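Enquirer: After the sequence you'll find the predicted model.
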Amino acid sequence: MLPLRFSRKYGRSLPRPLTLTTPTGHRHRVCWNMEPNGRINAVWERYRLRDQWLVLFRYHAVQNTMYVMFFNGHTMEINYLAHAGPGTDCTCITYPSAPRLRHIADGFRSSNPFFVSPILHRLANRFLNVPTLPGVCEDSLISITNERGAWTVRYTHYVRRTNRCFGMGWFALATACQLRHGHVYVFERLALQEYRLHIY
């Protein structure tokens, strides 16, 4: 069950079906109800959850996504790939709304999770807006590679804001790849903090 306090605050605005996203980037669209304080049933069978396991939820209101982590009876995080069953969607971490971005996302083929990001501002060589990366802590270092080289950038947030971005280290990458306004990136996740950059 979802906590009563959470249900009262967000229950009316939660989408139906609700998207649950695991740290591997797998997305599950599940139905839920509000009787009496919200139930999510489908994931229980899919990940073969057991009594005494811990389920950690983190709701992202802007993305309308619930990030979820599972811990077994020994408080060890489970192997999601071993537990994931049919119905998983290993595609976009955040599905874009703009038509051009949707076209690129729909045409991108990979067995890895990925996200699509446009350059829409004049300071694109200083920082890049990015979605919340599942399983990655704030102020973590992210390794990004493409055919031009490899870089390390800091995954952080703006001062006095909660929006995430690639900050320190992004300038070197943007300069080497000659990135500019109008480009669209696809970041393909190879490991938890390792991404491959594709430029359109």
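Expert: In hand now; what should we look at? Numbering: from 1, shown residues only.
Enquirer: Show me the chain divided up by domain.
Expert: Following the TED database, one gets these domains for the chain: 4-72, 99-199.
Enquirer: mind checking the longest helix of this protein?
Expert: For the chain, the helix that runs over the most residues, judged by DSSP state H, is helix 99-107.
Enquirer: Now do that one, average pLDDT.
Expert: For helix 99-107, the mean per-residue pLDDT is 81.
Enquirer: That helix: how far from the chain's middle?
Expert: Remark: helix 99-107 is offset 17 Å from the chain centroid, using CA atoms, centre = their mean, to the nearest Å.
Enquirer: just checking, next helix/strand downstream of that helix?
Expert: Moving toward the C-terminus from helix 99-107, the next helix or strand (DSSP states H and E) is strand 114-118.
Enquirer: what angle sits between that next one and helix 99-107?
Expert: Interaxial angle, strand 114-118 versus helix 99-107 (axes from the mean of the first three to the mean of the last three CA atoms, to 10 degrees): 160 degrees.
Enquirer: Skip ahead from strand 114-118 and say which helix or strand is next.
Expert: strand 128-130.
Enquirer: Quick one: list the elements packing against the following helix or strand past that next one.
Expert: Along the chain past strand 128-130, the next helix or strand (assigned with DSSP H and E) turns out to be strand 140-146. Using 3 or more CB pairs under 8 Å, 6 or more residues apart in numbering; DSSP states H and E, the elements in contact with strand 140-146 are strand 149-157, strand 194-199. Bear in mind the C-beta positions are built from the backbone N, C-alpha and C, glycine included.
Enquirer: List the strands paired with the first one, with their directions.
Expert: In the sheet containing strand 149-157, its partner strands are strand 140-146 (antiparallel), strand 164-166 (antiparallel), by DSSP bridges.
Enquirer: Export those strands as a markdown table, with columns for mean neighbour count.
Expert: Listed next are the strands paired with strand 149-157 as a markdown table, based on neighbours: other CB atoms under 10 Å:
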| stretch | mean neighbour count |
| --- | --- |
| strand 140-146 | 17 |
| strand 164-166 | 20 |
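Enquirer: a markdown table for those strands, including distance to Arg12 and mean pLDDT?
Expert: What follows is the strands paired with strand 149-157, written out as a markdown table (distance: least, CB to CB, whole Å; pLDDT from 0 to 100):
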| stretch | distance to Arg12 | mean pLDDT |
| --- | --- | --- |
| strand 140-146 | 34 | 94 |
| strand 164-166 | 26 | 88 |
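Enquirer: Any chance of a markdown table for those strands, columns distance to Arg126?
Expert: Listed next are these as a markdown table, based on distance: least, CB to CB, whole Å:
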| stretch | distance to Arg126 |
| --- | --- |
| strand 140-146 | 16 |
| strand 164-166 | 9 |
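Enquirer: Of all these, which one comes closest to Arg16?
Expert: strand 164-166 (26.3 Å; CB to CB).
Enquirer: hmm, who's touching that closest one?
Expert: The contact list for strand 164-166 (CB atoms under 8 Å, 6 or more residues apart in numbering) reads 127-133, 138, 142, 144, 153-158.
Enquirer: Could you do stretch 136-145 as well?
Expert: With contact meaning CB under 8 Å, 6+ apart, stretch 136-145 is reached by 133, 150-157, 164, 166, 169, 173, 187, 192-197.
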